[in-house]
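Colleague: Return atomic coordinates for the entry below.
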Amino acid sequence: MTAETSLSQIDALSGIMCDGAVSAYHLAKDHPTRVDALERIVEFSYNSLVRNRHLNQEQGEDELSVQIVEQLRVLAIQATHDTQTGGHCDVHVEGKDHFLWIGEAKVHGGYQWLEDGFQQLSTRYATGGYGQDHGEIIIYCRNRVGLDVLNTWKERLKAVQHGIEIYEDKTDTRLWFRSRHQCENSGLPFHIRHRLIPLYFAPKK
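Modeller: Modelled structure (predicted):
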């Protein structure tokens, strides 16, 4: 039995394997495929946080991010929290062929805080090198109407970050958009997905 066959069988039999994304990640032959699979996998972690938001109202960035990391590790993905790569990374994923993906997490408390996270990811952690040109801003949002927060962040980002390009916008359907800018380290394009995790919880009954 080959590794490909084994992983495919596991995916077919197990509902926790993220609709085939886990085998797609481990068997990816190029970095774009690997990034796509990883984004599909972390969506399951994000959705778990949203479903259980009534239980995590007091948790901070580290506690929420560790939950994501631990779920990735269960799937045999080399993920860590607080790893040193130019600084302390919230969600740090390494893979085959020099692959590196970093998620910088912020509990939304103001747009300057989100801007700080963008600067950390883009100027401290990002290398922009081969297989290391994608990352994520993870916005834990306990505000009412998270879509408004994401749209305001998008407009602020365009206003304050010179040379940034918004090239894919799913704010009104999936609560994320993508930006691209020149990495200061390598001079190559660096891509960031800005993903809002809506954790508002104020039931009226």
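Colleague: and whatever helix or strand residue 50 lives in, what does it pack onto?
Modeller: Element membership for residue 50 (DSSP states H and E) is helix 31-51. Using 3 or more CB pairs under 8 Å, 6 or more residues apart in numbering; DSSP states H and E, the elements in contact with helix 31-51 are helix 21-26, helix 61-74, strand 91-95, strand 99-107, strand 134-141, strand 189-198. Bear in mind the C-beta positions are built from the backbone N, C-alpha and C, glycine included.
Colleague: Worst mean pLDDT among those?
Modeller: Averaged per stretch, pLDDT over these is lowest on helix 21-26, reaching a mean of 91.
Colleague: what's the burial count for the closest residue to residue 170 other than its chain neighbours?
Modeller: Spatial nearest neighbour of residue 170, excluding adjacent residues (CB to CB, 6 or more residues apart in numbering): residue 176 at 5.3 Å. The number of residues packed near residue 176 is 22, by other CB atoms under 10 Å.
Colleague: do the one 5 residues further on as well
Modeller: Residue 181 is flanked by 19 other residues according to other CB under 10 Å.
Colleague: Please compute how far the host helix or strand of it lies from its chain's middle.
Modeller: Element membership for residue 181, per DSSP H and E: strand 176-182. Strand 176-182 sits 12 Å away from the centroid of its parent chain (CA atoms, centre = their mean, to the nearest Å).
Colleague: Show residues contacting that strand.
Modeller: Residues from elsewhere that reach strand 176-182 (CB atoms under 8 Å, 6 or more residues apart in numbering): 122, 150, 154, 157, 161, 163-171, 188-196.
Colleague: Can you pull up the most central residue in this protein?
Modeller: Most central in the chain under CA atoms, centre = their mean is residue 136, positioned 4.0 Å from the mean C-alpha point.
Colleague: quick revisit: among the helices and strands packed on helix 31-51, which is the most enclosed?
Modeller: Of all these, strand 134-141 carries the top mean neighbour count, a mean of 25, counting by mean count of other CB atoms under 10 Å.
Colleague: Identify each buried residue in the very next helix or strand once past that strand, please.
Modeller: Sequence order places helix 146-160 as the next helix or strand after strand 134-141, per DSSP H and E. When burial is assessed from 16 or more other CB atoms under 10 Å, helix 146-160 yields the following buried residues: 146, 149-151, 153-154, 157.
Colleague: Give the residue spans of the protein that score low on pLDDT.
Modeller: Within the chain, the segments meeting pLDDT under 70 span 1-17, 84, 86-87.
Colleague: show me what contacts residue 191?
Modeller: 133-135, 178-180.
Colleague: Which strand residues bridge it?
Modeller: Residue 191 forms beta bridges with residue 134, residue 180, as assigned by DSSP bridges.
Colleague: Can you tell me how far it is from residue 171?
Modeller: The gap separating residue 191 from residue 171 is 17 Å, by CB to CB, to the nearest Å.
Colleague: hmm, who's touching stretch 161-175?
Modeller: By CB under 8 Å, 6+ apart, stretch 161-175 touches 118, 146-147, 150-151, 154, 157-158, 176-182, 195-198.
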